[in-house]
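> I'd like to go over a predicted model; first the sequence, then the structure.
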Amino acid sequence: MKAIIYKSTGSWYQARTADGQWITCRIKGKLKIDEDISSTNPVAVGDEVMVEQDPQTGDVLITEILPRKNYIIRSSPHRRGQKHILAANLDQAWLMATLTQPRTSTGFIDRFLVTTAAYHIPTTILINKMDLWGEEEQALADEWTALYEEMGYLVEWISVKEGIGIAELQPKLQDQTTLIAGHSGVGKSSLINLLIPGLSLRTQPVSRWSEKGMHTTTFAEMFELPFGGRIIDTPGIREFGLIDIAPEELSHYFLDMQKYLTSCMFNNCLHVNEPGCAVKAAVEEGKIHIWRYKNYLNILETLQQE
């Protein structure tokens, strides 16, 4: 029988079968796993799996993971050098960011965007808490929006607390499987509570001491939207570690750099100190934003250290 994984709690999974039944299942001892995608979590939320009932114990067992159309992966926060799949079989990803309480760094945003570009997942940036914006935050929102929309990303401004912009999001979620990610405290669970009345996911305020969010979601979980589609809530991500991306590939996933890559003197140009680099020339001419280039260099350095 075929089923879709909605929640993983470590060794047990909650899934929904093709005929709409909710089941709790675990991995069979000998599971058919794609060896090219070895990770700390062999089964991820969004996976399509085959299940069968153990005639001896009555447990429902996952016997096979069906081929994934895509997935979002990061380096494991607990096991250095290993991979962790956030979710699989996505139509789109939404990165939720805030300009205050807490402040999302552009470095974090760009790491996430590199990953979704690498796995061909359309991505929207949601900037939440516009009810807290002063002049500085408004100017920053304008700058981010102009920059990322020029690259082809959609940027939405919302206030979950005030309900601003929420109704406009629903048509973009309808009949889609959407991953929502971001730091703890940016409002992911609160947004899902608004979209699914009666769900009541646990939320916590941002710490006044650190101005960072406190983790409330501990496992990724997928929910059915009442107007059609599915949304996946993920644990707050403090750092988004890239994995399976070679240093020489990185610039291909910076959408604002792509059109300059073929003009570099060297095919393997890393855009650091090579002569005849079209990317560096574009930065100097203001065609690529300086902080985008700085974020590229920071990410490149971490990839070269691995």
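That came through fine.

> please enumerate the strands of the chain.
Using DSSP state E, the strands of the chain run over 2-8, 12-17, 22-32, 48-53, 60-65, 71-75, 83-88, 92-98, 123-128, 154-157, 177-181, 221-224, 230-233.

> export these to a markdown table and append columns for mean pLDDT and distance to T104.
No exception for glycine: its C-beta is placed from N, CA and C like everyone else's. Output for the strands of the chain, formatted as a markdown table (pLDDT from 0 to 100; distance: least, CB to CB, whole Å):
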| stretch | mean pLDDT | distance to T104 |
| --- | --- | --- |
| strand 2-8 | 94 | 26 |
| strand 12-17 | 93 | 30 |
| strand 22-32 | 82 | 35 |
| strand 48-53 | 94 | 32 |
| strand 60-65 | 93 | 33 |
| strand 71-75 | 83 | 16 |
| strand 83-88 | 87 | 17 |
| strand 92-98 | 97 | 4 |
| strand 123-128 | 98 | 8 |
| strand 154-157 | 97 | 13 |
| strand 177-181 | 96 | 11 |
| strand 221-224 | 94 | 22 |
| strand 230-233 | 94 | 17 |
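
> out of these, which comes closest to V279?
V279 sits nearest to strand 123-128 of all these, at 21.7 Å, using CB to CB.

> contacts for that closest one next, please.
Strand 123-128 has contacts (CB atoms under 8 Å, 6 or more residues apart in numbering) with 92-99, 109, 112-113, 116-117, 141, 144-145, 148, 153-160, 169, 172, 180, 186-187, 191.

> ok, back up a step: let's have the strands of the chain in CSV, adding distance to S105 and mean neighbour count.
Listed next are the strands of the chain as CSV, based on distance: least, CB to CB, whole Å; neighbours: other CB atoms under 10 Å:
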stretch, distance to S105, mean neighbour count
strand 2-8, 28, 20
strand 12-17, 33, 19
strand 22-32, 36, 14
strand 48-53, 35, 17
strand 60-65, 34, 18
strand 71-75, 16, 22
strand 83-88, 19, 23
strand 92-98, 9, 24
strand 123-128, 13, 23
strand 154-157, 16, 17
strand 177-181, 14, 24
strand 221-224, 26, 18
strand 230-233, 22, 24
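
> okay, those strands in TSV with distance to L300 next?
Output for these, formatted as TSV (distance: least, CB to CB, whole Å):
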stretch	distance to L300
strand 2-8	32
strand 12-17	37
strand 22-32	36
strand 48-53	35
strand 60-65	33
strand 71-75	15
strand 83-88	20
strand 92-98	21
strand 123-128	21
strand 154-157	25
strand 177-181	22
strand 221-224	34
strand 230-233	29
